[in-house]
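A.B. asks: one predicted model, sequence on top.
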Amino acid sequence: MASARKLIVEVVDARNLLPKDGHGTSSPYAVLDFHGQRRKTRTVIRDLSPTWNESLEFNVAKTPEVFGDMLELDVFHDKNVGPTTRSNFLGRVRLSATQFVKRGEEALIYYPLEKKSLLSWIQGEIGLKIYFSDDAAPPSPPPEPAAADPPPPPASDEPGKNETSAAAPEEKPLAEADKVDSPPSDPDADRLKASISSAAMPEEKSVAEVDKAESPPPPPPPPPPPPFDSDADRLKASVSSAAVPEVNINGPKPISRVSSVRSFMSDQSDRSTIEQSSFDLVDKMHYLFVRVVRARSLPTTGSPVVKIAVSGFHVVSKPARKTALFDWDQTFAFRRDSEDSSSILEVSVWDPIGADVGHDFLGGICFDVGEIPLRDPPDSPLAPQWYRLEGGGAHRGDLMLATWLGTQADDSFPDAWKTDTDANSRSKVYQSPKLWYLRSTVIQAQDISMLNLKESSFQLKAQLGFQVQKTKQVSGAPPSWNEDLMFVSAEPFTAENDLVFVLIEHRPPKEQAIVGVTRVPLSAIERRVDDRNVVSKWFTLEDLNEEKRVYRGRVHLRLCFDGGYHVMDEGAHVCSDYRPTARQLWKPPIGTIELGIIGCNDLQPMKTINAKGSTDAYAVAKYGNKWVRTRTISDSLEPRWNEQYTWRVYDPSTVLTVGVFDSWEVAESEASLRPDFRIGKVRIRISTLTTGKVYRSVFPLMLLSQAGLKKMGKIELAVRFVRSTPTLDFLHVYSQPLLPAMHHLKPLGMLQQEALRSAAVKIVAAHLSRSEPPLRREVVNHVLEQDGANAFSMRRVRANWYRIIKVMAGAVEVFRWVEDTRSWKNPTATVLIHALMVILVWFPDLIVPTLAFYVFAVGAWNYRFRAKAGLPHLDPKLSLAESVDREEVDEEFDAMPCARGNEVVRARYDKLRMLGARVQAMLGDIATQGERVQALVTWRDPRATGIFVGFCFVLALVLYLVPSKMVAMALGFYYLRHPIFRDRMPSPALNFFHRLPSLSDRML
């Protein structure tokens, strides 16, 4: 049954509107306009925070482009209420249709009202729920079958259809458009099916006549089918061994294929023009495509196969599906090393069970590859044609196929069988499931009957799939928690994954008893996109052990899906997307990132098959919620994929991840039992790319394992970032918060965030592993940085320590420069510093501009040393992976709990104690210096505090009497005095600070 799509806009309420009636209030109403359809709400009398709760419907159909795809809502004050003479404007909201969601995903969102012009004075916001609804269209009344011409549809007298009268005439054109948009079919095949249905299925023919009577006046009838189409018995029993009558074939013979090629090729030079627009980041790979569709009039009762031979390749298709015809609908792609190579393409049909008729070979066709046409991807697919099979047992057999030359940009390439890959290996695009944070606020429980209520404590356990969380144990009647439990859930919400709450009673000494259980369907939970409080509900606790439903109490819960968060499934430092879950909050993309996966060089053999090293490599790229997987190149240490993919970019501070893996699917049939090996990984940060520039770089593939760092080969990638927004809008993104607003309004703790991320990775891995072909769990975990990312590593501790030292190196250099200046190592520089100090002291307004200009000069100087050619990649020196100790690597990859021997564990523990002693001493020194600062005014040392307080009093009097510029000048000249006027011993101030007491002498 056809469905009519509608846009539903629920106008809920508004807040803090401006008074426009002259008496300090307003009487607002809203006017909505979508695709030329206008709706109006009722007027709320004298209310600056009106509540409408009205649902307005708009028809969604093909409309002129002049209307656009914007929903415009205007709020006015009703001039009929109050002394005003016109409807005053209160604000407007303009929303794009790309922000709307389908029914079930809607949420109440408050949009700020915007101005109509620059001088408008507007305030307030309006709450809306907007979603698409696909409602079943009412069935049309049955027509009169006896009428020769279909009568016009009767006019409707129902008053409810007046509003939708504009959309009713469009239902038939939409249905006709669906018919027109369907892929074109072959005329011979259509007549063949029509003759079969007319002879073998007369009941379906009568149904077709009824449908024809219901439809509009038909177009002129097609020409009558040829005589062989009316012979249903011969078409049904195309396997008969009797003589087959003559068949007239409209398609050209193979021998006359040259004329058919020239009929649609304007110039001979067009054959060398291959793919000018798309796939421009990778090398063009030329392929010969052969699409085998179906066959007819074959003298066999089995399932014949098609054999294709060209350029030394021999391929056998899958067995045919026996319907009215013999169907294959399979495409093959044969690699061509050079464009000018000429060979013969042989296509033959064979019967595997040919013993019944005495012949295996049923017929064949030969083509000259040099005369096969070239297809560019902007062109429509090449239409298959019928060809007469020559030789063999099929004297009147026909084969429908199409052949053309193309590249990997061809539409048929992803699903085609390829000569350099396995039959089951194809390039695929995967989509991560839509993840939500489920917030469960446990408030309290009531009506719980217990014997020893004072001695018992209660705990509520919540479970969603494999995720289990518990509240703290509380005692008292009734038990109250007020705790938030967070879960990760993925769409679609099925009945198998209900949210289960179990109330547990803890009795002394260590007994537990289940009080009751309640189940909450995920589809019944409300969704929100902000921090508003949803309505809490009471849920009944039942005893699952009883045959009948027994009331065991009730629990008070507040449940909601938080769509304002971004569900983290990647590390925060390598995240590829920061958009919130709710589609309504998405901002338009700022550009696109194009990735060309060209190939790998110098790969290492990953496995041994038949005493020979082999690698079946494929690449996986991930950005946002879109995953791509290249085809698997079989048994090659230098695979060439030359595949290109595109992603939309919503934030430049994101990372594109590309990983290379070795597959076991080609080598073994039981590949699911063995994981795919990791070869290496590359990360590319979008913000480091220049707009419009093509980066074609070779990245090293390195793998850190228990054996140490190993170079696995190289991968060649081409990357290009294209900006689609104006420059000012693009630069404005850098001033926006990185995470959505809910992460700042209700932030999640670090431990809670990491636990939720681990659950999200498991859900994504389980979802992608169910795809076909599957994206394995170990692949997903490696790309998402989940395998050992948070495990302890002595190597990472030292690497992070060196990173801190490198960051502090700048401050150390400044300190050394100041010391050299005040030591007069370069008298000219010291004199210039004296002059600069005098200028800045007497003109303090120049301090901030001077500092800003200095930073600008440093940045301009460093511009010469920027990376001009290659892109930054994983650095083994920064990670200390090249000089890592083998024992440290073994400790890094050791599982939890430790599986090593006692001696190894004891040695690691002693080493960790030594490191802990150093950290302990450093923390003690920091605490000591802080306590000395506190001792200045806490009178822990009365004499020291008295000296400091008295000094501060004298300093205050001096600063009150002496101008501050004079004091600053004197201090500057005193600090920069010549070394002959300086004592080598520490200053009195530093000596005084070192004598201050700390609490270290009170430590045990």
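C.D. replies: That came in fine, so what should we check first? Numbering: from 1, shown residues only.

A.B. asks: switch to C-alpha atoms for all contacts and neighbour counts from now on
C.D. replies: Fine.

A.B. asks: so which residues of the stretch 51-200 of the chain form strands?
C.D. replies: Assigned by DSSP state E, counting those that start in this stretch, the strands in the stretch 51-200 of the chain fall at 51-59, 70-77, 89-96, 101-102, 109-112, 125-136.

A.B. asks: TSV for the ones you listed, including distance to F721, mean neighbour count and mean pLDDT?
C.D. replies: Converted to TSV, the strands of the stretch 51-200 of the chain look like this (distance: least, CA to CA, whole Å; neighbours: other CA atoms under 10 Å; pLDDT from 0 to 100):
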stretch	distance to F721	mean neighbour count	mean pLDDT
strand 51-59	38	17	92
strand 70-77	28	20	91
strand 89-96	25	19	90
strand 101-102	29	16	86
strand 109-112	32	17	90
strand 125-136	33	19	85
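
A.B. asks: so which of those comes closest to G659?
C.D. replies: strand 101-102 (33.2 Å; CA to CA).

A.B. asks: contacts for the closest one, please.
C.D. replies: Strand 101-102 is contacted by residues I130, Y131, F132, S133, R583, Q584 when judged by CA atoms under 8 Å, 6 or more residues apart in numbering.

A.B. asks: and L95, how close does it get to S449?
C.D. replies: Using CA to CA, to the nearest Å, L95 is found at 54 Å from S449.

A.B. asks: just give me the longest helix of the chain.
C.D. replies: As assigned by DSSP state H, the longest helix anywhere in the chain is helix 902-934.

A.B. asks: so what touches the next helix-or-strand element following that helix?
C.D. replies: Per DSSP states H and E, the first helix or strand lying C-terminal to helix 902-934 is helix 942-961. Helix 942-961 has contacts (CA under 8 Å, 6+ apart) with A935, L936, V937, T938, W939, V967, F992, L996.

A.B. asks: still on that earlier bit, just give me the closest of the contacts of strand 101-102 to Y645.
C.D. replies: R583 (23.3 Å).

A.B. asks: correct me, but that closest one touches A97?
C.D. replies: No. If you go by CA atoms under 8 Å, R583 and A97 don't touch, sitting 11.1 Å apart.

A.B. asks: re earlier: pull out the buried positions in the longest helix of the chain.
C.D. replies: Across helix 902-934, burial judged by 16 or more other CA atoms under 10 Å covers T928, Q929, E931, R932.

A.B. asks: so which of the residues you listed is the closest to W647?
C.D. replies: If you rank those by distance to W647 using CA to CA, Q929 comes first, at 52.2 Å.

A.B. asks: just give the closest residue to that closest one, not the sequence neighbours.
C.D. replies: Leaving out its chain neighbours, the residue that sits closest to Q929 by CA to CA, 6 or more residues apart in numbering is S998, at 7.8 Å.

A.B. asks: list the contacts of that neighbour.
C.D. replies: So S998 contacts T928, Q929, E931, R932, A935 (CA under 8 Å, 6+ apart).

A.B. asks: how close does the fourth one sit to L990?
C.D. replies: Spatial separation of R932 from L990 under the definition CA to CA is 12 Å.

A.B. asks: got it, and the first one?
C.D. replies: To L990, T928 is 15 Å away according to CA to CA.

A.B. asks: swap in the second one?
C.D. replies: From Q929 across to L990, the span is 12 Å (CA to CA).

A.B. asks: same check on the last one?
C.D. replies: The gap separating A935 from L990 is 15 Å, by CA to CA.

A.B. asks: and for S823?
C.D. replies: 19 Å.

A.B. asks: what about the two, which has more around it?
C.D. replies: S823 (17 against 9; other CA atoms under 10 Å).

A.B. asks: was I right to think the more buried one contacts P979?
C.D. replies: Yes. Counting by CA under 8 Å, P979 is a contact partner of S823 at 6.0 Å.

A.B. asks: centroid residue for this protein?
C.D. replies: In the chain, the residue lying closest to the centroid (CA atoms, centre = their mean) is N625, at 1.3 Å.

A.B. asks: just the pLDDT at the closest residue in space to it that isn't next to it in sequence, thanks.
C.D. replies: Ranked by CA to CA, 6+ apart and with sequence neighbours excluded, the top spatial neighbour of N625 is S432, at 5.0 Å. In this model, S432 is scored at 94, pLDDT.

A.B. asks: was I right about S432 contacting S769?
C.D. replies: No. Judged on CA under 8 Å, S432 makes no contact with S769 at a distance of 10.9 Å.

A.B. asks: so what's V293 up against?
C.D. replies: By CA under 8 Å, 6+ apart, V293 lies in contact with D327, W328, D329, Q330, P384, L399, M400, L401.

A.B. asks: from Q330, how far out is it?
C.D. replies: As judged by CA to CA, V293 and Q330 stand 6 Å apart.

A.B. asks: same thing with N88?
C.D. replies: For N88, the distance to Q330 - CA to CA - is 66 Å.

A.B. asks: and if you look at A921?
C.D. replies: Distance check for A921 against Q330: by CA to CA, it reads 72 Å.

A.B. asks: for L401, same thing?
C.D. replies: 10 Å.

A.B. asks: shared neighbours, these two?
C.D. replies: With CA under 8 Å, 6+ apart, L401 and Q330 have common neighbours R291, V292, V293.

A.B. asks: got a list of contacts for stretch 536-546?
C.D. replies: Residues contacting stretch 536-546 (CA under 8 Å, 6+ apart): 515-518, 549-559.

A.B. asks: okay, now the closest residue in space to M606 that isn't next to it in sequence: neighbour count?
C.D. replies: Using CA to CA, 6+ apart and skipping residues adjacent in sequence, the residue nearest M606 is T615, 5.4 Å away. The tally of other residues near T615 (other CA under 10 Å) stands at 27.

A.B. asks: my guess is T615 contacts S634. True?
C.D. replies: Yes. The criterion here is CA under 8 Å, and T615 meets it with S634 at 7.0 Å.

A.B. asks: hang on, the earlier thing: among the contacts of V293, who's most crowded?
C.D. replies: L399 leads these on contacts (other CA under 10 Å) with 26 neighbours.

A.B. asks: mind listing what that one touches?
C.D. replies: The neighbourhood of L399, defined by CA under 8 Å, 6+ apart, consists of V292, V293, R294, A295, R296, W386, Y387, R388, L389.

A.B. asks: check the gap between it and R864 for me.
C.D. replies: 66 Å.

A.B. asks: who's in contact with P83?
C.D. replies: Neighbouring residues of P83 by CA under 8 Å, 6+ apart: D21, G22.

A.B. asks: again, only using 7 Å
C.D. replies: D21 (CA atoms under 7 Å, 6 or more residues apart in numbering).

A.B. asks: over to H77?
C.D. replies: H77 is in contact with K20, S26, S27, P28, Y29, S87, N88, F89, L90, counting by CA under 7 Å, 6+ apart.

A.B. asks: residue boundaries of the strands in the stretch 401-550 of the chain?
C.D. replies: Using DSSP E, counting those that start in this stretch, the strands of the stretch 401-550 of the chain run over 417-418, 428-431, 435-446, 457-464, 467-470, 474-475, 480-490, 499-507, 511-520, 526-528, 537-542.

A.B. asks: wait, which of those is closest to H732?
C.D. replies: From the strands of the stretch 401-550 of the chain, taking CA to CA, the stretch that ends up closest is strand 526-528, at 27.1 Å.

A.B. asks: which secondary structure elements does the closest one contact?
C.D. replies: Under the contact definition 3 or more CA pairs under 7 Å, 6 or more residues apart in numbering; DSSP states H and E, strand 526-528 sits against strand 551-562.
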